[in-house]
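> Got a sequence here, can you model it:
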Amino acid sequence: QVQLVESGGGLVQAGGSLRLSCAASGNIFRINSMAWYRQAPGKQRELVAAITSAGSTNYADSVKGRFTISRVNAKKTVYLQMNSLKPEDTAVYYCNVDGLNSGLRSFGSWGQGTQVTVSS
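Numbers count the residues shown, from 1 in each chain. A predicted model of the protein is given here:
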């Protein structure tokens, strides 16, 4: 079983910054992609940013130039640096990790979610 622990959410004024962290632990042989999703009230969950094991990144158009995803493989941790935050960034942010466990079976896990609220 793989556990994800997220931290770093909170309340910030528009134009401010927050940094989210997500640490994976448990039965992990290899982590492939790591990603952040978000879900605002009444909306579907959407991909915010993703990063592969090789470091290739992908961003939603709405956050390009403002958010940066990174990872530290030795720590099995992914980060999301969020700058120039806007009220429309308000959502619950979820970490998602996929990879292989020690039995070389694929896994995909979700974090518990962390609330990000941006006030205008």
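> residues touching D89, list them.
Under the criterion of CB atoms under 8 Å, 6 or more residues apart in numbering, the neighbours of D89 are 38, 63, 82, 116, 118. All C-beta atoms are positioned from the backbone trio N, CA, C, and that covers glycine.
> give the contact list for the residue nearest the centre of the chain.
Closest residue to the average C-alpha location of the chain: W36 at 2.7 Å, with CA atoms, centre = their mean. Contact analysis of W36 by CB under 8 Å, 6+ apart lists 20, 22, 47-50, 69, 78, 80, 93-96.
> try 10 Å this time
By CB atoms under 10 Å, 6 or more residues apart in numbering, the residues touching W36 are 6, 20, 22, 47-51, 59-60, 63, 67, 69, 78-80, 82, 93-96, 111, 114.
> Now restrict those to buried residues only.
6, 20, 22, 48-51, 59, 63, 67, 69, 78-80, 82, 93-96, 111, 114 (16 or more other CB atoms under 10 Å).
> can you tell me which of those are in strands?
6, 20, 22, 48-51, 59, 67, 69, 78-80, 82, 93-96, 114 (DSSP state E).
> nearest residue to S62 other than its sequence neighbours?
Of all residues not flanking S62 in the chain, E88 sits nearest, at 7.6 Å (CB to CB, 6 or more residues apart in numbering).
> No further questions, thank you.
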